Each structure stands twice: as C-alpha cells, then as structure tokens.
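Visitor: how does the following fold in three dimensions:
(2 chains)
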Amino acid sequence: MSDESVSQAAKPNEEYMQDLAPRPVESNSANSSDPSRTVIKVSDLTVGFGKTTIISGVNLMLTRGSIVALIGPTGSGKTTFLRSLNRMNDKVHGYFAGGSVLLGEQEVLTDRVDLLELRRRVGMLFQRPNPFPMSIRDNVLAGVKAHGLAKKSEHDQIVRETLERVGLWNAVSGRLHDSPFRLSGGQQQLLCLARSLAVQPEVLLLDEPTSALDPISVESVEKLLAELVSEITFIVVTHSLAQAKRISDHTMFFFDGHLKESGPTAQIFEDPRQPETQYYVSGRMG
Amino acid sequence: MARDPEALTRIGVRTRRRKAASGAAISLGVIALALVIVPSVWIIAQVASKALPHMSWSVITTPGVGLGGGLENEIVGTLLITFGVALLAGFIGVMSGIYLSQFAHGRAASVLRGASEVLAGIPSIVVGYVGYVSLVVAFHWGFSLGAGLITLSVMVVPYIAKTTEVSLRQVPTSYVEGAEALGLNPGQILRTISLRTALPGIVTGLIVALAISVGETAPLLYTAGYSQSLPHVALTHSPLGYLTYAVWTFYNEPSAKAVQLSFDAAFLLIVLVLALITASRIIVARASRHREVA
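Guide: Below is the predicted model:
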C-alpha cells in the first residue's frame, strides 16, 4: 500500500484524536532500564529512500530475552525499521540512515561494521518461508558452513540438535537429503528458523513470520518463540493484534513513520497513552 | 429465482463458442508441434538409413585416405574443437553472464549487452573471415586448432553469456535475501545459492552453444583448414579435419565411397548432438532435484 493510501486510511480518525488531549510518549524503552540487559539501543533513528523519509526520530531500548511486537498500519515503517537493524536495506536504491543503532557495544550504522558478522548475530525470518534450493540438511548447515562455525565432524550433531530445537527432527530425520520444498509451509518456516538458529544469533528479526501459515503452524511457531526467548531476543512485525497480545512482552506501535508508543504489551493494549494507539488497538484502524 | 430462458440459451451459445475456440487453439498447437517434430525425425531417419547399412567400425577407427578410409581424423578433430570451445567459450561466457547479471550497472552494462548482441548477430562466415585475416594471416598461426576454436568461441560466447545472465536473473530474490540475512558473503551467495539455482539454465545454454559449434562449417573452413592425418594437439600450425567438412566436401565428390562417408559423418554429427542434449538433460535433472517447482 502506498503512503497516500495510508494517510487516507488515517484521516477519518483525525477528529476523534482531537477529542483526546495529546500526551507525550513518556518512555520509549521497551523494558526496565537495566543497561546490562540492553541488547539493542536505537537513538534518533531516521531512515529513508531517495528524497522520502520513511521513519524518523525513533528511540528505544530492547532488553535481552524478550519478545517485542512491532504493530502499526501498513506503510507505517515497521518493516523498514526492522530491516535497518541488520542493514538489509543497504542494497535498496537511495537508502539513507541517520542516528544510531547499538547492538551491544557495536554501532550498526557505520561502514566499519562487519556486515556478515552483524547478520550472524541478528538473524531474520521472512514472511514467506524461503528455504534454499538444497537438501534439508544443507539448509540447516548453510550459515554454519559459511561462517565456519563448526568442524565437518560436528555437522551431523548440529543438524540433529537444531532440528530437534524447532521440533522438526521426527518429521524429517528420515529425509535429510530430500528437497525442503516437499515440506508443508509451516515445516518450511520451521526449517528456516532452524537455519537461522544454527548460527547462534542474539537477536532474530521476524517479518510477519506466520502470516502465510495455517493456524496449527502458527501455534507451533509461537510456542517455539516462547521456548527460545530465554536465549534470543525476538522482534516480530505482525499485523495480527491477537498475536502481538499472545506472544509479546513488549509492543511498539508505529504510525506514519514514527514510533508513537511503546511499552509492556498489556499496557499498550489495555491502557494506551496515545490516541492513535488507542484507535489502532481497538481495531478501528486497519 | 427462475432464470430467463433466453439468457440460458445465450449462455449455451457462448459455451459452445468457447469450446470451439478452445478446440481450434489446441489443434493449432498440435499442428505446430508436428511441424517441429516431423522434420527432425525425418532428417534423422534419412541420414540413419543412408549411413547405417554400410557403416562399420572401421569408419570410426581409421583416418581418411584420399576419398576413402574412415573418419577418425574428423571425429577426433571435432571432439578436440568442441572440448576447446567448451573450456574457452564456457569460461568467458559464464563469467561475462555473471558480471552482467550481478555487477554491471547503468551505462557500462547497456554498452556491454549491446556489444554482445551485435556480436551474436554477425554471420558466422564473417566471423570466420575475421578469424582468418587476424589469427591465421596476421598472427601467422596458419590453419590451426587454436584459430578454429577461438573463432568458434567468439561466435558462441554471446549466447552463453546471455543464457547465464538470464538464468542468474531468474534466481528468486527470496533465496538471495535469505542468504544475505544469514550473513553469507556475495561470493558464497553466488556459489552456493545463485549459480546452483541457475545451473540448469546455464548448462542448457552451454550445451546448445556447443551443439551450434559442432555443426558449424564456415568459420572452420577459414581458420582450421583441413587435414587427413590425426590432429596433433598444438594451438598453431595444426590444420585439422572435422565432421562438417566431410559432410560438405565428400558429398560433392564423384565417388560412391566418398558420398557414403559424407552420410556417415552426418550421422555421427547427429549422434554427437543427441549425446550433448542427453548429457545436458541428465545434468539439469540432477541439479534440479532440490528445486522449488519439480
């Protein structure tokens, strides 16, 4: 959807918003302010393409071991924000970024960052499952081999452990050398998750990871995130408010290129401070 | 709600018309396919029926003597040239295709692509003549294996580059994005994802290019010359025989034995091309076993 249509979609609520006194965003930190638990710190992030600024002035802190949901209308900048965290926008024509994104101590938005290592640490799962055109086993090992993370003798064990972690081992142990495209959509997505987990990331970015899946597969992916959250921080873009409510500890609401509000999920859904948030989470704005 | 009987009739008429149009389209398709298949089968049958009755093992194992003997020198010559073209044109063509699809941008890319298309459009006899003037005469290479295979390679490189470029461009963005997000470097992505996915297309292009070069005569007449002795592997001053020469020359000789050899050579050429196509099918099938669309 284009920016224009978004602003059109947002128009009907203008009057409604005026009724509510605007309240400032009090804190953009997504969790308690203990700095030792901060995994990503974003300061004054501005991202755009060509002459168009897509997101601006985003500040937030994400803590280790949490699931963060990114919600907001289409075109609000969620995905652009998500893809800035592992520099996946770099190749898009006219991309520019300002401000700062710190991953631990490492500044992400600098030419000196090792992009390959950054992407190992900050993995990504896409909307549509995208296994590589190689065997199931090679899919799991793709990143491990590329980064030289393990000796060849350890590969079998890694494949087994990773597939067990995502609950796919029993289903595929007999056909590790088969094509991944014979698996169901949900299984393919779990395989992609296994592929990302195999390189031991600290953060996983998920761009509507379950929107192409059936309800049973959605449940297994969500269950898995809950199990893995002690080791990995998940940042999930979702259009499903119910999903955001179910799985996330913290929710960030994007609107028109700005992080309008963020906080504990319960607060965002039950006691939103911003009128746009209130309007969106109540389902009156798609 | 009751349907208007007239409307039902109109629907019936439309359905019949649609079925008739569909039938006509399928018939045209079948006829077009037959127009492709019948000549191929007919040519193969004709050549085989003229060649096989008198063909013997000695045709393959003895070199030519005057207007008789066998075709060993031509067979070895054709294989040598084909192998050389596969190496030289294959390497240059695939590398150019990789460059065009992955790295070339803007003006440089369009100039290169345009140049490649112009080269592909130059008639083979002109390429042969240029090969003769430059390699055979100016470089003093004489009629030789080197001049022949370089000239043929120049002819087929644009073809290989184009099929490589197109195949690489068709690699789904989602594979490449997935690999980038996993932290694979561009070289690893090219090797493990893009080239692997594009392999069936690249191999098909390469094999078709080889089949074209196996069947070429004009550029070789200018550059490889002809010899009835077994080719010696040297790039310069090494004129050599090749099957298309035998087809062309022996057919016009007033000797039954020579005309027989001409058909033998034609039959061997067809076998060689069929073998190339079979090989490409096997490679494509092997490379495609993990593909998205079976």
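Visitor: check what pLDDT residue 241 gets.
Guide: Let's take chain A. At A:Leu241, the pLDDT value in this model is 92.
Visitor: you answered for a different chain; I wanted chain B.
Guide: pLDDT recorded at B:Gly241 is 89.
Visitor: correct me, but it touches B:Leu80?
Guide: No: using CB atoms under 8 Å, B:Gly241 is not in contact with B:Leu80; the gap is 10.3 Å. Heads up, the C-betas are built off the backbone N, CA and C, glycines and all.
Visitor: which one's more surrounded, these two?
Guide: B:Gly241 (28 against 20; other CB atoms under 10 Å in any protein chain shown).
Visitor: the more buried one belongs to a helix?
Guide: No: assigned with DSSP: H, G, I helix; E, B strand; the rest coil, B:Gly241 falls outside any helix and is coil.
Visitor: quick check: the gap between it and chain A.
Guide: B:Gly241 is 44 Å from chain A, where distance means CB to the nearest CB, to the nearest Å.
Visitor: low-confidence ranges in the chain?
Guide: All of this refers to chain A. In the predicted model, chain A carries pLDDT under 70 at residues A:1-35, A:285-286.
Visitor: could you do chain B instead?
Guide: Along chain B, the model assigns pLDDT under 70 to residues B:1-3, B:293-294.
Visitor: circling back: between B:Gly241 and B:Leu80, which contacts overlap?
Guide: Listed contacts common to B:Gly241 and B:Leu80 are B:Pro231; contacts here mean CB atoms under 8 Å, 6 or more residues apart in numbering or on different chains.
Visitor: which stretches of chain B form strands?
Guide: B:64-65, B:68-69 (DSSP state E).
Visitor: ok, the first one: who's next to it in the sheet?
Guide: Sheet partners assigned to strand B:64-65 using DSSP bridges are listed as strand B:68-69 (antiparallel).
Visitor: how far is the partner strand from where the chain is centred?
Guide: 30 Å (CA atoms, centre = their mean, to the nearest Å).
Visitor: please apply the same query to stretch B:70-88.
Guide: Worked out by CA atoms, centre = their mean, stretch B:70-88 lies 15 Å from the chain centre.
Visitor: number of residues surrounding residue 239?
Guide: Defaulting to chain A. The number of residues near A:His239, taken as other CB under 10 Å, comes to 14.
Visitor: please refer instead to chain B.
Guide: By other CB under 10 Å, 20 other residues sit near B:Pro239.
Visitor: ditto for A:Gly72
Guide: 27.
Visitor: need the contact list for it.
Guide: Counting by CB under 8 Å, 6+ apart, A:Gly72 touches A:Lys78, A:Phe253, A:Phe254, A:Phe255, A:Lys260, A:Tyr280.
Visitor: the same query, at a cut-off of 6 Å, please.
Guide: Residues near A:Gly72 by CB atoms under 6 Å, 6 or more residues apart in numbering or on different chains: A:Lys78, A:Phe253, A:Phe254, A:Phe255.
Visitor: interface residues of chain A facing chain B?
Guide: Within chain A, the positions lying close to chain B (CB under 6 Å from any CB of the partner chain) are A:Leu116, A:Arg119, A:Arg120, A:Met124, A:Asn130, A:Phe132, A:Pro133, A:Met134, A:Gly143, A:Ala146, A:Ser179, A:Phe181.
Visitor: for B:Leu112, what are its contacts?
Guide: B:Ala104.
Visitor: repeat that for 10 Å
Guide: B:Ser96, B:Tyr99, B:Leu100, B:Ala104, B:Ala161 (CB atoms under 10 Å, 6 or more residues apart in numbering or on different chains).
Visitor: which of those residues has the most neighbours?
Guide: Busiest of those [other CB under 10 Å] is B:Ala161, holding 28 neighbours.
Visitor: do I have it right that that residue meets B:Ser153?
Guide: No: judged on CB atoms under 10 Å, B:Ala161 makes no contact with B:Ser153 at a distance of 11.5 Å.
Visitor: now do the shared contacts for those two.
Guide: B:Ala89, B:Ile92, B:Gly93, B:Ala209.
Visitor: test my guess that the first one contacts B:Thr164.
Guide: No: contact criterion CB under 10 Å: B:Ala89 and B:Thr164 do not qualify, at 11.3 Å.
Visitor: what sits in contact with each of the two?
Guide: Counting by CB under 10 Å, 6+ apart, the residues touching both B:Ala89 and B:Thr164 are B:Leu206.
Visitor: number of residues surrounding the residue of the stretch 1-150 of chain B found nearest chain A?
Guide: With CB to the nearest CB, the shortest gap between the stretch 1-150 of chain B and chain A falls at B:His105, namely 10.4 Å. Number of residues near B:His105 (other CB under 10 Å) recorded here: 8.
Visitor: A:Leu45 falls within a helix, correct?
Guide: No: going by three-state DSSP, the assignment for A:Leu45 is strand, not a helix.
Visitor: skipping adjacent residues, who's closest to A:Gln189 in space?
Guide: A:Pro129 (4.2 Å; CB to CB, 6 or more residues apart in numbering or on different chains).
Visitor: with A:Arg165 instead?
Guide: Using CB to CB, 6+ apart and skipping residues adjacent in sequence, the residue nearest A:Arg165 is A:Leu197, 6.2 Å away.
Visitor: pretty sure that neighbour is touching A:Val166, no?
Guide: Yes: between A:Leu197 and A:Val166 there is a contact at 6.9 Å, judged by CB under 10 Å.
Visitor: so where do the helices sit in chain B?
Guide: Counting by DSSP state H, one finds helices in chain B at the ranges B:5-51, B:57-61, B:72-98, B:106-121, B:124-131, B:145-169, B:173-181, B:186-188, B:195-214, B:218-223, B:243-251, B:256-287.
Visitor: and the angle for the first one with helix B:243-251?
Guide: Going by axes from the mean of the first three to the mean of the last three CA atoms, to 10 degrees, helix B:5-51 is angled at 70 degrees with respect to helix B:243-251.
Visitor: for A:Gly186, which residues are in contact?
Guide: For A:Gly186, the contacting residues are A:129, A:168, A:210, A:212-221, by CB under 10 Å, 6+ apart.
Visitor: let's go with 7 Å and repeat that
Guide: Listed by CB atoms under 7 Å, 6 or more residues apart in numbering or on different chains, the contact partners of A:Gly186 are A:Leu213, A:Asp214, A:Ile216, A:Ser217, A:Ser220.
Visitor: if we can go back for a sec, most widely separated two among the shared contacts of B:Ala161 and B:Ser153?
Guide: Spatial extent of the shared contacts of B:Ala161 and B:Ser153 (CB to CB) is set by the pair B:Ile92 and B:Ala209 at 11.3 Å.
Visitor: who has more neighbours, the two?
Guide: Counted by other CB under 10 Å, B:Ile92 and B:Ala209 do not tie: B:Ala209 has more neighbours, with 27 against 16.
Visitor: quick check, that one in contact with B:Ile160.
Guide: Yes: checked against CB atoms under 7 Å, the pair B:Ala209 and B:Ile160 is within contact range at 5.0 Å.
Visitor: got any residues that touch both of those two?
Guide: Both B:Ala209 and B:Ile160 are in contact with B:Ala89, where contact means CB under 7 Å, 6+ apart.
Visitor: next up, the contacts around the residue lying closest to B:Ser167 once chain neighbours are set aside.
Guide: In space, and not counting its chain neighbours, B:Ser167 is closest to B:Gly201: 2.9 Å by CB to CB, 6+ apart. Going by CB under 7 Å, 6+ apart, B:Gly201 touches B:Thr163, B:Val166, B:Ser167.
Visitor: can you list contacts of stretch B:128-140?
Guide: With contact meaning CB under 7 Å, 6+ apart, stretch B:128-140 is reached by B:Trp141, B:Gly142, B:Phe143, B:Ala147, B:Ile150, B:Thr151, B:Ala218, B:Pro219, B:Leu221, B:Tyr222, B:Thr223.
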